[in-house]
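Asks: just coords:
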């Protein structure tokens, strides 16, 4: 019998309160310090978040906000504070969720699918479940996958039109990441775009003309996702393969999990693989066009591709923040944190912290400390697929260098309406192939 995910199990939207805010968000300089709330997704859709974080880093790096729907929460915007909290899982827990949610102990209908994944757990359960999927990024597995990634990347790039405007997000970034995800999961290739859709709707905010238009639509599509993977779980139990779904349903630490809990982990892997890599791929094209002197350097010296990859991931920061919850009363940066307060570690701000990254708002493809970026987290929750993401970005640009003189951005991108996923929905480009 196929297990399903019911609407009772789909927690309300992580960013539900934010869309109630006015769309015309003032610039940071026009706000009183206490009125700055970087969580508003309109700042990200309009690409106006930079000044808000810059002011908080300078004036109030441990910043307090409170909402009726979420209670008390603190925004950490400086590199060292973020890293310290991220590395202290005993005092700052992941077990109550990794995005802003209802106050701890509040009664809400159901729970979040994502809260059943190991990213929303502390040791020892986190450690046990994480090690089941960790082999995907092992050096032997990456060496085995590199030829597959390169072959697919080459095929996608060879099919691109010349002297014709097209959307880089859908044609290249989405296509390459969904092909990779389908391979890792043992997911039918012909249905691969479902993975992108499900990833997009998990953190989408309902709005007219948006990714989803209602909470009911979100629940219906997540139920479809649950039913699809429940069938796949049953198939892999009977006929295991060399893929992540098989690892989960047969792993010693995960085979006992319910379909709901397995789906939470699958969605974590889909979002991690889709959002991080896809938005870094798009961000690399957009960023090098914003800093054309860096693009010129890369064309002149392709050996810089290796150092460019972590720098792009730093500059882009595909996931803007992660949440922790205080297990006890404590102090951060001179501020008194109460037990059960939510703490938002703004990676996107820490990655621009001028005390760590000189001229951090700009791209420097030879930046010596780019590898210190926070985009993959730190400590026990360091991204399990980080090496695979860097490998995909490196291969993409090695293959681009072989084929194209330039990829030119035709207009400003369309940005994701989310304060959690820092990404793009469209980027129009034209390309010029190399004469050789």
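Replies: Right, received. Where do you want to start? Keep in mind that what you see is a predicted model, and the values were worked out from it rather than measured.
Asks: going forward, measure contacts between C-alpha atoms and count neighbours the same way
Replies: OK.
Asks: how distant is the helix or strand where residue 315 lies from the center of its chain?
Replies: Assigned by DSSP states H and E, residue 315 belongs to helix 305-316. Relative to the centre of its chain, helix 305-316 is centred 15 Å away, using C-alpha atoms, centre = their mean, to the nearest Å.
Asks: could you say what helices and strands that helix packs with?
Replies: The contact analysis (3 or more C-alpha pairs under 8 Å, 6 or more residues apart in numbering; DSSP states H and E) places helix 305-316 against helix 259-290, helix 386-403.
Asks: mind giving me a markdown table with the ones you listed and columns for mean neighbour count and distance to residue 298?
Replies: As requested, the helices and strands packed on helix 305-316 are arranged in a markdown table below (neighbours: other C-alpha atoms under 10 Å; distance: least, C-alpha to C-alpha, whole Å):
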| stretch | mean neighbour count | distance to residue 298 |
| --- | --- | --- |
| helix 259-290 | 23 | 9 |
| helix 386-403 | 20 | 9 |
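Asks: any chance of those in CSV, plus distance to residue 182 and mean pLDDT?
Replies: Shown next, in CSV, are the helices and strands packed on helix 305-316 (distance: least, C-alpha to C-alpha, whole Å; pLDDT from 0 to 100):
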stretch, distance to residue 182, mean pLDDT
helix 259-290, 9, 87
helix 386-403, 14, 94
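Asks: Any chance of those helices in JSON lines with distance to residue 145 as columns?
Replies: What follows is the helices and strands packed on helix 305-316, written out as JSON lines (distance: least, C-alpha to C-alpha, whole Å):
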{"stretch": "helix 259-290", "distance to residue 145": "15"}
{"stretch": "helix 386-403", "distance to residue 145": "9"}
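Asks: what about these, which gets the closest to residue 96?
Replies: helix 259-290 (14.2 Å; C-alpha to C-alpha).
Asks: And stretch 176-185, how far out from the chain middle?
Replies: For stretch 176-185 - counting by C-alpha atoms, centre = their mean - the centre lies 16 Å from the chain centre.
Asks: Which residues are in contact with the residue nearest to residue 319 when sequence neighbours are not counted?
Replies: Of all residues not flanking residue 319 in the chain, residue 421 sits nearest, at 4.7 Å (C-alpha to C-alpha, 6 or more residues apart in numbering). Residues near residue 421 by C-alpha atoms under 8 Å, 6 or more residues apart in numbering: 203, 275, 318-320.
Asks: The residue nearest the centre of the chain and residue 309: what is the separation?
Replies: In the chain, the centroid-proximal residue (C-alpha atoms, centre = their mean) is residue 319; its distance is 3.7 Å. In this view, residue 319 and residue 309 are 16 Å apart by C-alpha to C-alpha, to the nearest Å.
Asks: Give me the below-cutoff pLDDT ranges for the stretch 301-436 of the chain.
Replies: 382, 436 (pLDDT under 70).
Asks: Of the contacts of residue 421, which pair is most distant in space?
Replies: 203 and 318 (13.4 Å).
Asks: neighbour count winner among these two?
Replies: Using other C-alpha atoms under 10 Å, the more surrounded residue of residue 203 and residue 318 is residue 318, with 27 against 21.
Asks: ok, residue 367 - contacts?
Replies: Contacts of residue 367 by C-alpha under 8 Å, 6+ apart are 307, 311.
Asks: Then it would be within a strand, right?
Replies: No. Counting by DSSP: H, G, I helix; E, B strand; the rest coil, one finds residue 367 to be coil, located in no strand.
Asks: ok so, going back, quick one, what contacts the residue nearest to the centre of the chain?
Replies: With C-alpha under 8 Å, 6+ apart, residue 319 has these contacts: 275-276, 347-348, 375, 420-422.
Asks: and if you look at residue 394?
Replies: Residue 394 neighbours (C-alpha under 8 Å, 6+ apart): 305-306, 309.
Asks: count of residues packed around the nearest residue to residue 168 once chain neighbours are set aside?
Replies: Distances taken as C-alpha to C-alpha, 6+ apart put residue 427 closest to residue 168, at 5.5 Å, once the chain neighbours are dropped. When neighbours are defined as other C-alpha under 10 Å, residue 427 has 23 of them.
Asks: Residue 427 touches residue 409, doesn't it?
Replies: Yes. Between residue 427 and residue 409 there is a contact at 7.2 Å, judged by C-alpha atoms under 8 Å.
Asks: Need the residues touching each of the two.
Replies: residue 286.
Asks: Look at residue 201 and report its pLDDT.
Replies: The model reports residue 201 with a pLDDT of 84.
Asks: From residue 349, how far out is it?
Replies: Taken as C-alpha to C-alpha, the span from residue 201 to residue 349 is 25 Å.
Asks: The two: who's more crowded?
Replies: residue 349 (30 against 18).
Asks: check contacts around the more buried one.
Replies: Residue 349 neighbours (C-alpha under 8 Å, 6+ apart): 53-54, 57, 77-79.
Asks: and those residues, which are buried?
Replies: The neighbour-count criterion (16 or more other C-alpha atoms under 10 Å) marks 53-54, 57, 77-79 among these as buried.
Asks: which residues in the stretch 101-250 of the chain form strands?
Replies: Counting by DSSP state E, counting those that start in this stretch, one finds strands in the stretch 101-250 of the chain at the ranges 166-167.
Asks: Under the pLDDT cut-off, which ranges of it? List them.
Replies: Counting by pLDDT under 70, the stretch 101-250 of the chain shows low-confidence ranges at 106-135.
Asks: Just to check, residue 103 is in contact with residue 71?
Replies: Yes. When contacts are counted by C-alpha under 8 Å, residue 103 is listed as touching residue 71 (5.2 Å).
Asks: If you count surrounding residues, which of the two has more?
Replies: residue 103 (20 against 17).
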